[in-house]
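Peer 1: structure for this input, please:
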Amino acid sequence: MGVVAELLKGLRVTISQMRPGRRVTISYPQEKREKPPRFHGRHVLNRYPDGMEKCIGCELCAGVCPARCIYVRGADNPPEAPVSPGERFGFVYEINLLRCIFCGLCVEACPTEAITMSHLFELSVTNRDDAIYTKAELLVDPDGTPNHPQAPGPLADLAELGRPDGWMQATSPAGRAAYEGVIAWTPAAGFGLPQGERGQSGGSSRGGITAAPATGESPPTGEGPAGEEPPAEET
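Peer 2: Next up is the predicted model:
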């Protein structure tokens, strides 16, 4: 009898979960969980609202990549028909997703916000060559519509490619209230100017500034150009 009692004691948690109640699982792929705004999914190369490419071929993303899965080669912009606003543009851009660890360092290193990460992660292929995404698949159309080499199916929701804007939000690394609601990124084709992100003070709503910094300084308006100098620290 003691053995049965010990067995039932060990199965107590299992038996308690067999009772009808709230279901904690989902029927994938018919149902899919809601992903966080900054989910690390398939990469996307963005354009400015006027259709020009954001990539300037600087190769910083390839240099910072720990898996060495990114290959970039820049070329000089043709004066008669420039591809990007800079002197150069990304002539060749490839990502080997078989080697990618989806760390997001390429996004952090990009100085022009050219590469971001979408919510799409169902990327199974039967041919290894199909996992090497070129510029043709990565670069969005002039209107911001993303491209994808694979057809939509029960596992791949291509609508998730149109959600790379989670990376288009930024606040102070220290979470200072002065940066709550500040838009620090430039607009992109397809989704325009991103909203500012809620900071860590808990006193503001998404996209607005309602909390003042503890130092007494005036918070930035968020209407200036991206990359402006942050307010100086008070001593």
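
Peer 1: strands of this protein, residue ranges please.
Peer 2: 43-45, 70-76, 88-96, 115-117, 132-133 (DSSP state E).

Peer 1: domain ranges for this structure, per the record?
Peer 2: Per automatic domain parsing, the domain ranges recorded for the chain read 43-164, 168-224.

Peer 1: quick check: end-to-end length of the longest one?
Peer 2: Using CA to CA, to the nearest Å, the end-to-end distance of domain 43-164 comes out at 8 Å.

Peer 1: before we move on, back to that, out of the strands of the chain, nearest to Gln150?
Peer 2: Proximity to Gln150 (CB to CB) singles out strand 132-133 among the strands of the chain, at 10.4 Å. For every residue, glycine as well, the C-beta is placed using N, CA and C.

Peer 1: what's the closest one in contact with?
Peer 2: Contacts of strand 132-133 from elsewhere in the structure, counted by CB atoms under 8 Å, 6 or more residues apart in numbering, are 42-43, 94-98, 149.

Peer 1: that older thread, possible to save the domains of the chain as TSV with mean neighbour count and mean pLDDT?
Peer 2: As requested, these are exported to TSV (neighbours: other CB atoms under 10 Å; pLDDT from 0 to 100):
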stretch	mean neighbour count	mean pLDDT
domain 43-164	17	92
domain 168-224	17	58
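
Peer 1: residue contacts, the residue nearest to Lys35 when sequence neighbours are not counted?
Peer 2: Nearest non-adjacent residue to Lys35, counting by CB to CB, 6 or more residues apart in numbering: His119, 4.8 Å away. Residues near His119 by CB under 8 Å, 6+ apart: 35, 39, 41, 160-161, 163-164, 166.

Peer 1: can you give me the end-to-end span of stretch 102-117?
Peer 2: 9 Å.

Peer 1: ok now that stretch, how far from the chain's centre?
Peer 2: Stretch 102-117 sits 8 Å away from the centroid of its parent chain (CA atoms, centre = their mean, to the nearest Å).

Peer 1: wait, which of the contacts of strand 132-133 is closest to Thr134?
Peer 2: Set against Thr134, the nearest of the contacts of strand 132-133 by CB to CB is Glu94 (5.3 Å).
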